[in-house]
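Participant: have a look at this prediction, sequence included:
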Amino acid sequence: MPEKQLVKVIRASKVARSHDRDIEGLKVHQNIDNLGQHDAHNRYAQMLSNSATAAICAGSDNLIISWNAAAEELFGYEAEQAVGKPLSIIIPERHRAAHNAGLARAVKAGRARLARQAVEILALHADGHEVPIDLSLSMWFEAGKPMFGALIRDVTDRSRARRRLEHLAHCDMLTSLPNRNALQARLTDAIGTSPCALMMLDLDGFKHVNDSLGHAIGDELLAAVATRLCNALGDGGFVARLGGDEFAILITDCADPILLDRIAARIFASFQTSFELAGQSVFVETSIGIAMTPNDAVSAGQLLSSADLALYNAKGEGGGTRTFFARAMQTRSEQRVRLGVELRAALARHEFELWYQPQVSLADGHLVGVEALLRWRHPVHGLLQPHAFIDVLEKNTVAESVGDWIIDSACSTAAEWKRRGLGNVRMGVNLFPAQLRSDRLFETVTSALTRHDLQAHQLELEITETTVLRHSTQSTKALRKLKARGVGVAFDDFGTGFASLSLLQKYPLTRLKIDRSFVAQIDRKAGDAAIVGAVVAMARSLGLTVIAEGVESGGQEDVLISLGCDEAQGYRYGRPMTAEALAGRYLRPVEQAADRGAHCDQDSLITTRR
């Protein structure tokens, strides 16, 4: 039934009940034209009296004419209390002037702007509280006078659900802090009205907590960090969680770097006390990047980007510090972006090369292996060492493809050396983090071995402590399967990261590589010698061999031999060189011996010590 018909019938039924008026003037269109007026009145009056939708009619004088049972329940007024009263009894006082003006315009214009539309507004209950309602308004004329009717529903549940959704959209459920959306909105409001500062924070060592204690404890830590940040700030800032272990603090009406430095100091001090989680004392630190308006940014997006760059630099300095944004950071960031584009092109243009550094047995000086090292022959800058591009490459999407190319090229070289008589030289290959995140590492390695007819034990994959901390389950499974095939797994730069000794048993390792920092003064510092000796003893008990990096002198070599170290690598035995140069260096004695008819064990070639 059309809405206009309904409200007409509502009015007629109420008028008949309350005032015993004649309903002759109420015309109900075609579907009831053939019914008697009395029957129609009774039918629709009964329908509306039982309806869950509140129905109200009023005249042009703003006085209520009819009021059904649902309206009684919704607004708390009996029909006898409401009929004859102004509609203002259900309109909040602050909206009454607007209502009266709208009614006057509708009467004058002969049409209601909101007619045939559903609008959501607040209405006033008899006891004084406000109710969110959905109102559909109709207007018609009787005897030339405008009449108004409304069908009304209580939408409290809908409003509550909407508020809940708005809360979820702007609140981090783990910490109950505002989230990134809320921060973005607050930044937009703050920028332009007064100077403000944004501090972005990232926890140092959070990944290790997650991996060693579990994600549930990691979540507890994040909630505890949120509480400490709020306590450290007091009422002086807006704290939000951006996601993961990243937080942000907005300080409004602030252009004082000294004040910001003091706030950062308070935050650092709050992290000096351990977090008590699951019966354990957990320590984490934080890094902070700071940017300010208007010097560093003029928009919310720019401020976020500038603070993020400052945070990146703070992490690059080792963490546990705060860094203010500087324009040079933006320049370096742009350079990194350009470098990333060039790196992708470099792979396609075959500009990458592998150079190889010898690894020898300390017992007799035999060449036992090499480490494959990446170089980039840049078309403009010439041959680039890894320090010029490796950090950018590791974070670039092309890293996994470059890593796959390294594995294939290294296996190809090892196979070629073997065909030329160099023997079963072990080939060490460094893995990128992206390769450990991938689910195709096992297939990539086994396919390369098969393609080049190389024995598994001739390939050794090198991983660092930092890489181990970032990846666990998936990478462990792949490495374990490869080790079972005979592929070696070396722990590179051992002793410089944050890995616990338990990882030596968790990971399927075959070799430890002692970092060069422990070797540099091993013949002059008893402490370094003691550390290396302890590592060698521990490795031996775990069935692992040990190779020392960075060996440059005979004195270092002598100490390593006395400590029982198995192998060594460094300038004493050779700098990184091309595949052809290495083959020429180690094949020459073989060829000369063959010419003299002498016997030479091609699997254990001897290099001359210098």
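Facilitator: Arrived safely, thanks for sending.
Participant: what about Trp140, which helix or strand?
Facilitator: Using DSSP states H and E, Trp140 falls within strand 130-142.
Participant: name the helices or strands packed onto the very next helix or strand once past that strand?
Facilitator: Counting by DSSP H and E, the element after strand 130-142 in chain order, helix or strand, is strand 145-154. The contact analysis (3 or more CB pairs under 8 Å, 6 or more residues apart in numbering; DSSP states H and E) places strand 145-154 against helix 3-19, strand 54-59, helix 69-75, helix 93-109, strand 130-142. For glycine as for every other residue, the C-beta is placed from the backbone atoms N, C-alpha and C.
Participant: point out the most buried one among these.
Facilitator: Most buried of the helices and strands packed on strand 145-154 by mean neighbour count (mean count of other CB atoms under 10 Å) is strand 54-59; its value is a mean of 23.
Participant: send me that strand as CSV with only the CA atoms.
Facilitator: What follows is strand 54-59, C-alpha atoms only, in CSV (Å, rounded to 0.1, in the frame of the first residue of the first chain):
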residue,chain,number,x,y,z
ALA,A,54,5.3,4.2,14.7
ALA,A,55,2.9,6.3,12.6
ILE,A,56,2.2,10.0,13.4
CYS,A,57,0.0,12.6,11.6
ALA,A,58,0.0,16.3,12.1
GLY,A,59,-1.6,19.4,10.5
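Participant: ok, the next helix or strand after it: who's next to it in the sheet?
Facilitator: Note on strand 54-59: by DSSP H and E, the next helix or strand toward the C-terminus is strand 64-67. Partners of strand 64-67 in the sheet, by DSSP bridges, are strand 54-59 (antiparallel).
Participant: and Leu354, which of the helices and strands packed on strand 145-154 is closest to it?
Facilitator: Within those, the stretch nearest Leu354 is strand 130-142; the backing value is 69.5 Å (CB to CB).
Participant: what's the neighbour count on the nearest residue to Pro146 once chain neighbours are set aside?
Facilitator: With sequence-adjacent residues excluded and distances taken as CB to CB, 6 or more residues apart in numbering, Pro146 is closest to Ser60, at 4.8 Å. By other CB atoms under 10 Å, 16 other residues sit near Ser60.
Participant: would you map the helices across the stretch 101-250 of the chain?
Facilitator: Using DSSP state H, counting those that start in this stretch, the helices of the stretch 101-250 of the chain run over 156-170, 180-190, 206-213, 215-233.
Participant: return the most buried member of the ones you listed.
Facilitator: Each of those was scored by mean neighbour count; the highest is helix 206-213, a mean of 19, by mean count of other CB under 10 Å.
Participant: CA atoms only: put that helix into CSV for me.
Facilitator: Extracted in CSV, the C-alpha atoms of helix 206-213 (Å, rounded to 0.1, in the frame of the first residue of the first chain):
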residue,chain,number,x,y,z
PHE,A,206,60.7,-7.6,18.8
LYS,A,207,61.1,-10.4,16.1
HIS,A,208,63.4,-12.3,18.4
VAL,A,209,60.7,-12.2,21.2
ASN,A,210,58.1,-13.4,18.8
ASP,A,211,60.2,-16.2,17.5
SER,A,212,61.6,-17.4,20.8
LEU,A,213,58.6,-16.9,23.1
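Participant: that one - what's its average pLDDT?
Facilitator: If you average the pLDDT over helix 206-213, you get 80.
Participant: on that earlier part again, what would the helices and strands packed on strand 145-154 look like in CSV with distance to Val536 and mean pLDDT?
Facilitator: Output for the helices and strands packed on strand 145-154, formatted as CSV (distance: least, CB to CB, whole Å; pLDDT from 0 to 100):
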stretch, distance to Val536, mean pLDDT
helix 3-19, 90, 41
strand 54-59, 86, 90
helix 69-75, 84, 90
helix 93-109, 82, 86
strand 130-142, 75, 86
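Participant: closest to Gln521 out of the ones you listed?
Facilitator: strand 130-142 (75.4 Å).
Participant: next structured bit after the strand or helix carrying Gly403?
Facilitator: Using DSSP H and E, Gly403 sits within helix 399-419. Next helix or strand after helix 399-419 toward the C-terminus (DSSP H and E): strand 426-430.
Participant: where do the helices of the stretch 451-600 of the chain begin and end?
Facilitator: Going by DSSP H, counting those that start in this stretch, the stretch 451-600 of the chain shows helices at 465-470, 473-485, 503-506, 526-541, 554-562, 579-595.
Participant: so in the chain, where's the weakest helix or strand by average pLDDT?
Facilitator: Least confident helix or strand of the chain, by mean pLDDT, DSSP states H and E, is helix 3-19 with a mean of 41.
Participant: redo the helices of the stretch 101-250 of the chain as a markdown table? Include distance to Ala115.
Facilitator: Putting those into a markdown table (distance: least, CB to CB, whole Å) gives the following:
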| stretch | distance to Ala115 |
| --- | --- |
| helix 156-170 | 23 |
| helix 180-190 | 35 |
| helix 206-213 | 59 |
| helix 215-233 | 51 |
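Participant: cheers, nothing more for now.
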